[in-house]
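> One predicted model, sequence on top.
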Amino acid sequence: MDARPSRSILSLAGLALAVVMAACSGAPPATPTLEPVTPSPSTATTTEAPATAPAESPAPVTFPVELTDDEGTTVTIAAEPQRIVTLTPATTETLFALGAGDRLVGKSEDIFLYPPEAAGVPDVEKFDGSAVVVDIEQIVAAKADLVIAGGNFGTPPDAVQKLRELGIQVVVVYAPSVEGVFTDIELLGTAVGLPAAGAAMAQRMRDEFAAVAAAVAGEPSPRVYYEIDATGAYYGPADESFLAEMISLAGGEPVTTGSTTAYDIPAERLVAADPEVILLADAAYGVTAEDVAKRPGFDTMTAVRNGDIRPIEDTLITRPGPRLFLGLQLLASTIHPEAAIPVSSPIPPVP
């Protein structure tokens, strides 16, 4: 498993790339030093997503319900869950947007907490230096009847196994692709007894993605380096990764690491790729365009020569939850600042 910098792991918690890259740094994550600038497209307009044929509304869930999670495990949920624990920030957001936020009795720690309504939910999973730690005793004491965990080591597998041994139903979700995010939202809607809400949310997101695709269809596709971090090494999207897919959907050609598993990119490869746009997801930690321009060899890059080094808010783009379409809109408008990228309202948490 490849190492990744500790300071940005929590901003990406619950996402595939965070999991793949989470490993060996023992230092605690740093606190962001500034709010990243969110560029606004000069010609952006608030638009409705293009109309698509509405999906057939799913039938109400009759419990017990049997479903298969993203690890292929068959899970039988005996009754509509009333005391739920979410072990990724994305699933916390999703349950609030579905209308089940008031049933949460535990959640994963989130330094970029969203929605604010989740502040009162106790943290039962935290990042402790170099490891994700799940408080099994606290989950049991909360009398949880459903735990939604993160796959691909987002939640430690031994914690998932222990919870199941204790008789608590665990649904593991892991979205390696954008379509996987949509299907996970539908899966979670079914798991908590709100299939119509899950289907409607997934359809709204598909429509919003289609609107961005239409907006960038006629635009050039610049080479884009998305910098996750540059502490000790340069970290960007792996080949065929979720983040690389997002950059492509936003109308860019992602500069990737050359590996489907490694998120560190050799400086020589990065310089040779000659990115035309550099996006700084680590701007929240104080990295500036001036810092990038001073790096050895970077002065030859087209992005540096043209001044196309732009800060960006990472959480919207890499968190696989109900705000993901806002992340795609932000990504597209930052890559194509002159294009008319749709600007939409977020899906609000349901009271």
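Cool, the structure landed.
> I figured Ala118 was touching Thr92, is that so?
Yes: in terms of CB atoms under 8 Å, Ala118 counts as a neighbour of Thr92; the distance is 5.5 Å. Heads up, the C-betas are built off the backbone N, CA and C, glycines and all.
> what about the two, which has more around it?
A direct count of neighbours by other CB atoms under 10 Å for Ala118 and Thr92 places Thr92 higher, at 27 against 19.
> shouldn't that one be in contact with Lys107?
Yes: using CB under 8 Å, Thr92 is in contact with Lys107, at 4.8 Å.
> Touching both of those two, which residues are there?
86, 118, 121 (CB atoms under 8 Å, 6 or more residues apart in numbering).
> partners of the first one in the sheet?
Read that as Thr86. When bridges are called by DSSP bridges, Thr86 pairs up with Lys107, Ile148.
> how close does it get to Gly180?
Between Thr86 and Gly180 the distance is 17 Å, computed by CB to CB, to the nearest Å.
> Return the distance of the helix or strand that contains Ala244 from the chain's centre.
Applying DSSP states H and E as the criterion places Ala244 in helix 242-249. Here helix 242-249 shows a centroid-to-chain-centroid distance of 12 Å under the convention CA atoms, centre = their mean, to the nearest Å.
> so what does it touch, helix or strand wise?
If contacts are counted by 3 or more CB pairs under 8 Å, 6 or more residues apart in numbering; DSSP states H and E, helix 242-249 sits against helix 16-21, helix 178-191, helix 195-216, strand 223-227, strand 253-254, helix 314-318, helix 324-335.
> change it to 7 Å
helix 16-21, helix 178-191, helix 195-216, strand 223-227, strand 253-254, helix 324-335 (3 or more CB pairs under 7 Å, 6 or more residues apart in numbering; DSSP states H and E).
> Arg310 belongs to a helix?
No: secondary structure of Arg310 (DSSP: H, G, I helix; E, B strand; the rest coil): strand, not part of a helix.
> need the contact list for it.
39, 277, 279-280, 334 (CB atoms under 7 Å, 6 or more residues apart in numbering).
> Helices of the chain, residue ranges please.
Along the chain, the segments classed as helices by DSSP state H run 16-21, 89-98, 136-141, 157-165, 178-191, 195-216, 242-249, 267-273, 289-293, 302-306, 314-318, 324-335.
> so can I have CSV of those showing mean pLDDT and distance to Asp128?
Converted to CSV, the helices of the chain look like this (pLDDT from 0 to 100; distance: least, CB to CB, whole Å):
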stretch, mean pLDDT, distance to Asp128
helix 16-21, 38, 15
helix 89-98, 98, 16
helix 136-141, 98, 14
helix 157-165, 98, 13
helix 178-191, 98, 26
helix 195-216, 98, 32
helix 242-249, 98, 25
helix 267-273, 97, 31
helix 289-293, 97, 29
helix 302-306, 98, 37
helix 314-318, 96, 21
helix 324-335, 98, 28
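> okay, now the domains of this structure?
Per automatic domain parsing, the structural domains of the chain span 31-47+218-335, 65-211.
> Which among those domains is found nearest to Pro351?
Closest to Pro351 of the domains of the chain, according to CB to CB: domain 65-211, at 8.3 Å.
> and the end-to-end length of that closest one?
Across domain 65-211, the straight-line distance between its terminal residues is 35 Å, by CA to CA, to the nearest Å.
> residue furthest from the geometric center of the protein?
With distances taken as CA atoms, centre = their mean, the residue sitting farthest from the centre of the chain turns out to be Thr300, at 31.9 Å.
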